[in-house]
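Undergrad: model this:
(one chain, ligands or ions: 1)
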Amino acid sequence: MSMPPLPAFPPGFLWGASASAFQTEGGADTDGKGPSGWDAFAARGRIKDGADASRGTGFHARYREDVALLAGLGADAFRFSVSWPRVVPAGSGRVNAAGLGFYDRLVDALCAHGITPAPTLYHWDTPLPLEEAGGWLNRDTAARFAEYASVVAERLADRVPMWITINEPAEVTLLGYALGEHAPGKQLLFDALPAAHHQLLAHGLAVQALRAAGAANIGIAVSHSPVRTAGTSEEDRFAAELYDTITNWMFADPILTGRYPDENFAALMPGPVADDLAVISAPLDWYGVNYYHPMLVGAPSSDALGDFAGVGMPAELPFGLRDIESEERTDFGWPVVPDGLRELLVRLNDRFGDGLPPLYITENGCSYDGLDDPRRIAFLDAHLRSLHAAIDAGVDVRGYFTWSLTDNIEWVEGASQRFGLVHVDYETLERTPKASYAWYRDAIAAQRSAPQR
Ligand code: BGC
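TA: The predicted structure follows:
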């Protein structure tokens, strides 16, 4: 598919791809890995077709193939996640040398190809014993996470120049603890708020632990959706603002300003909140944004969606989601709204001003089936143009990681949603680059040879 070349991105802009441990590694019984809350959730039949992630994409055994694919892409960086239960099988206590050794070899393989390893320390796979002790509802989990962070940094900080503490604390809180669609499957609605606070605390404690162990260049990957108001009534505006607060600012504000966006939320959080906020807001080197699509939100009403992309929305929620009009939708049914990325980045810049560290897009991508995937190419092209427009508008964005290098286990959707630039045959685990892989490779190469802006 030939498209006009992308405009030139700033010098040194980092081109990357993302993945996560639970979604790719497999090797469930290898290295003495412990079970995670997600393994237990899968065993309860909560993944489509009763699937589990015990094989994943076979990344644990085939990581060298995927590193070669990254090299073929000309990627500058690879964002992968370290599996906490592979490194500390019980979540605390004994460190598993074999598990740590796997990441050591992966980092070496990336470095040998000149690819920057950018590990995420937590991409949702809480060690099962910690999950069973309350998971993120339990303050102790934050302290255990910081211990694990220092174990990983002590081993890898000499070669890893970019770190991510936690992936999408909002999704874990909402999907895992409030609505029960993801592990651990709790349906606590607003009583899930402690899970948000404890993840934020875990982030802050991990930043301290990483720095103490010699790691530098630390960020976090936070999901953001620009929220648009459906309707014009006062109730609609209130509902949209509440949704915006819960999904965007309840996470970004504590990290970037040391305050919860609303005193009422702060009052609902557990523990010594003011002291915790001082830890949570330790200055970051950069801030990661995961963007998929905007949300349209109004007052709860009978025409609100009963479920969004398979996630059930209980009627008692104080807001109602609406369908965004969009000519194009991914296989997941998600609307394709590239300008939402520019809109979001400009909003972040306006809201936080000088308090906003440099940004990276730590995830952006789409689910489409097929090896010939012109719609993924169109998606990536349009989102990169939108990102470029944000940079032109003055937002300091330093890099872009597409989600994902290969197809992978899309959480409760199992193998049914394919986000990869590279196709995975789940029978043979064979990898086949899609048309979008060649497009991204050529786009990266063109940036390298383009006159710099
Ligand atoms: C998550 C990924 C997931 C992607 C697509 C993000 O919420 O970080 O793990 O695969 O979205 O749903």
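Undergrad: would you mind listing where the protein has pLDDT under the threshold?
TA: 1, 451-453 (pLDDT under 70).
Undergrad: get me the contact residues on it for the ligand.
TA: Taking Cβ under 6 Å from any ligand atom, the part of the chain that reaches the ligand is made up of 20, 23, 167-168, 171, 223, 290, 363, 403, 410, 419. (Glycine included, C-beta is placed from N, CA and C.)
Undergrad: what residues are up against A68?
TA: H113 (Cβ atoms under 8 Å, 6 or more residues apart in numbering).
Undergrad: list phi and psi for it.
TA: phi -60, psi -40 (degrees, to the nearest 10).
Undergrad: distance check, it against the ligand.
TA: 23 Å (Cβ to the nearest ligand atom, to the nearest Å).
Undergrad: for the nearest residue to Q447 once chain neighbours are set aside, give its distance to I164.
TA: Leaving aside its sequence neighbours, Q447 sits nearest to F9 (Cβ to Cβ, 6 or more residues apart in numbering; 5.7 Å). Distance from F9 to I164, counting by Cβ to Cβ, to the nearest Å: 21 Å.
Undergrad: between these two, which has more neighbouring residues?
TA: Remark: of F9 and I164, I164 carries more neighbours, 27 against 23, as counted by other Cβ atoms under 10 Å.
Undergrad: next, give phi and psi for that one.
TA: Here is the backbone geometry of I164 (degrees, to the nearest 10): phi -130, psi 130.
Undergrad: quick one, what contacts it?
TA: 79, 118-121, 218-221, 288, 362.
Undergrad: what is the neighbour count of G32?
TA: By other Cβ under 10 Å, 13 other residues sit near G32.
Undergrad: that one in helix, strand or coil?
TA: For G32, the assignment made with DSSP: H, G, I helix; E, B strand; the rest coil gives coil.
Undergrad: okay, the nearest residue to it once chain neighbours are set aside and the ligand: tell me how far apart.
TA: The shortest distance from G32 to any residue other than its chain neighbours is 5.1 Å, reached at N96 (Cβ to Cβ, 6+ apart). Plainly put, N96 is 23 Å away from the ligand if you go by Cβ to the nearest ligand atom.
Undergrad: go on, L284?
TA: Separation of L284 from the ligand (Cβ to the nearest ligand atom) stands at 19 Å.
Undergrad: same thing with V337?
TA: According to Cβ to the nearest ligand atom, V337 and the ligand sit 15 Å apart.
Undergrad: tell me how many other residues surround that residue.
TA: So V337, with other Cβ under 10 Å, has 22 neighbours.
Undergrad: so it makes contact with E325?
TA: No: between V337 and E325 there is no contact under Cβ atoms under 8 Å: 9.6 Å.
Undergrad: surely R144 touches G91?
TA: Yes: taking Cβ under 8 Å as the definition, R144 is a contact partner of G91 at 5.6 Å.
Undergrad: any shared contact partners between those two?
TA: Residues touching both R144 and G91 (Cβ under 8 Å, 6+ apart): L130.
Undergrad: now G27, nearest residue through space, not along the chain?
TA: Distances taken as Cβ to Cβ, 6+ apart put H60 closest to G27, at 3.1 Å, once the chain neighbours are dropped.
Undergrad: actually G333, not the one I wrote
TA: For G333, ignoring the flanking residues on the chain, the nearest one in space by Cβ to Cβ, 6+ apart is A309 at 5.6 Å.
Undergrad: residue contacts, that neighbour?
TA: Going by Cβ under 8 Å, 6+ apart, A309 touches 332-334.
Undergrad: which of the residues you listed are buried? Put it as a ChimeraX command.
TA: Listed next is the ChimeraX selection for buried residues among these, using 16 or more other Cβ atoms under 10 Å:
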select :332,334
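Undergrad: from the contacts of A309, pick the one nearest the ligand.
TA: Nearest to the ligand, judged by Cβ to the nearest ligand atom, of the contacts of A309 is F332 at 7.3 Å.
Undergrad: just the element for that closest one, please.
TA: Of the helices and strands defined by DSSP states H and E, none includes F332.
Undergrad: residue contacts, it?
TA: Counting by Cβ under 8 Å, 6+ apart, F332 has contacts 309, 366-367, 413, 417.
Undergrad: F401 now?
TA: Going by Cβ under 8 Å, 6+ apart, F401 touches 16-18, 77, 79, 118, 360-364.
Undergrad: all strands of the stretch 1-150 of the chain, in order?
TA: Assigned by DSSP state E, counting those that start in this stretch, the strands in the stretch 1-150 of the chain fall at 14-18, 77-81, 116-122.
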